[in-house]
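> How does the following fold in three dimensions:
(one chain, ligands or ions: 1)
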Amino acid sequence: MPLSDTQFIELAAPGVRALQPYQPGKPVAELEREFGIRHAIKLASNENPFGPSPRAIAAGNAAMQDIARYPEGSGHALVARLARLHDIAPGSVTLGNGSNDVLDLVARVFLTPETEAIYSQYAFAVYPISVQAAGAMARVAPAHDGSRGPAYGHDLTAMRALVSDRTRVIFIANPNNPTGTWLPGAELEAFVASLPDHVLVVVDEAYFEYVDAPEYPDTSRWLYRYPNLIVTRTFSKAYGLAGLRVGYALSHPAVAGLLNRVRQPFNVNMIAQAAAVAALDDTGHLHDCVRRNREGLRQLIAGFTSLRLSYIDSAGNFVAVDVGRPALEVYRALLQQGVIVRPVANYAMPNHLRVTVGHADENARLLSALEKVLS
Ligand SMILES: Cc1ncc(COP(=O)(O)O)c(C=O)c1O
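Sure, this is the predicted structure:
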């Protein structure tokens with residue numbers, strides 16, 4: 001007799017048994033198929049609506065010529081380019097199939113069922129998945145309630161209070177998804193400096209390029225001071241290469257060496273490597289995307305304000321808006337209007353929707369659909 005679903009689950013590693021898979025945003029094609037509509041728009045996955053640099057597309061196309069070969073496993077050219085960008089030794093760079101991959105590598109290398117990881121309430125959903133899959137104990141710090149720091153934001157005092165002899169990894173998203181909240185440099189550095197040597201702190205800077213606040217830190221500059229710091233970045237957001245899956249970690253070379261032990265040999269494909277190098281060379285395109293994102297964010301916020309909806313101040317390319325009622329209903333009604341956003345009830349934010357900044361006409365369409373749905 002074949003095994004039942006339950007029996008298969010019993011065969012799985014203990015950490016995996018109770019895991020819920022990551023819920024990605026609904027693809028446009030799926031919505032159009034389901035509802036029999038056309039011209040749907042997706043503002044649900046924090047992608048860059050302005051797309052990658054044309055130079056990245058050209059480099060990716062050129063790399064297609066060679067795809068019968070394995071990519072350079074070490075990612076030599078991209079690693080060298082990133083080392084130059086960050087003024088750091090190439091041995092400090094670990095490439096990932098998206099930055100999710102490097103976050104997961106950190107969990108696999110440093111977490112065991114005997115150890116603990118810390119992250120904040122409302123923090124990016126991949127941290128609980130990686131921690132649980134490694135069988136480690138997750139310690140979740142309550143977020144700020146708005147009295148001593150931005151509501152929904154990471155409370156570093158609460159996070160510090162959870163550090164114990166068993167702590168190995170702390171995940172900090174700066175800015176965080178889905179809240180868009182961020183931590184200023186002085187506060188974050190005092191936290192990192194306060195940690196005991198046996199604790200690694202991952203600062204996830206997936207939205208780094210979008211932030212323009214002067215107090216927002218570039219923690220890659222701190223790596224020489226804090227050997228237990230790991231900084232992660234991605235090409236999926238401001239560089240517009242989400243579909244290619246390329247991100248990286250910067251760390252002490254000994255930490256990079258450990259990550260490299262469990263990294264799949266060819267985890268970043270050759271098209272992604274070539275496109276990422278070219279994307280780094282087109283700073284004009286990057287700045288243009290960041291500028292247009294800021295305009296889009298302003299447009300969405302002005303729209304929410306005129307609809308009398310409150311929102312969480314965001315430094316990223318998305319904003320969480322409180323629709324004042326169960327957001328899942330509003331999400332479904334918006335789908336019928338051909339607009340895909342992201343419900344965040346899985347983050348225990350049942351009245352919020354996370355809206356990714358789109359083109360000006362997409363933002364306008366979301367706002368008018370929202371007005372109609374809420375009226
Ligand atoms: C905070 C944060 N970190 C990491 C990622 C992972 O992105 P990627 O794996 O595409 O680099 C995301 C994606 O949404 C994110 O929001």
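> going forward, measure contacts between C-alpha atoms and count neighbours the same way
Fine.
> and the stretch 151-300 of the chain, which of its residues are near the ligand?
Residues of the stretch 151-300 of the chain found near the ligand (Cα under 6 Å from any ligand atom) are 173, 176-177, 204, 206, 234, 236, 242, 245, 247.
> try it again with 5 Å
For the stretch 151-300 of the chain, the residues in contact with the ligand (Cα under 5 Å from any ligand atom) are 177, 206, 234, 236.
> top of these by neighbour count?
Thr234 (28 neighbours; other Cα atoms under 10 Å).
> packing partners for the longest helix belonging to the chain?
Criterion DSSP state H: the longest helix present in the chain is helix 283-306. Packing partners of helix 283-306 (3 or more Cα pairs under 8 Å, 6 or more residues apart in numbering; DSSP states H and E): strand 310-311, strand 318-322, helix 360-374.
> Inside strands: which ones of the residues of the stretch 151-300 of the chain next to the ligand?
Thr234 (DSSP state E).
> what's in contact with the helix or strand harbouring Phe8?
For Phe8, the element it lies in under DSSP states H and E is helix 5-11. Defining contact as Cα atoms under 8 Å, 6 or more residues apart in numbering, one finds that helix 5-11 is touched by Arg17.
> where along this structure do the helices fall?
Under DSSP H, the chain gives helices at 5-11, 14-17, 28-35, 54-63, 76-86, 99-110, 126-133, 156-161, 185-194, 253-262, 270-281, 283-306, 327-336, 360-374.
> rewinding a little: average pLDDT for the longest helix of the chain?
In this model, helix 283-306 has a mean pLDDT of 98.
> Check whether Glu72 really touches Ile271, as I assumed.
No - if you go by Cα atoms under 8 Å, Glu72 and Ile271 don't touch, sitting 10.9 Å apart.
> circling back: looking at the residues of the stretch 151-300 of the chain next to the ligand, which one is closest to Val319?
Distance ranking of those against Val319, using Cα to Cα, places Asn177 first at 9.1 Å.
> Ala360: what's it in contact with?
Ala360 touches 296, 299, counting by Cα under 8 Å, 6+ apart.
> Also Tyr311?
301, 304, 319-322.
> dump the residue contacts of Ala143.
120-122, 151-155, 158.
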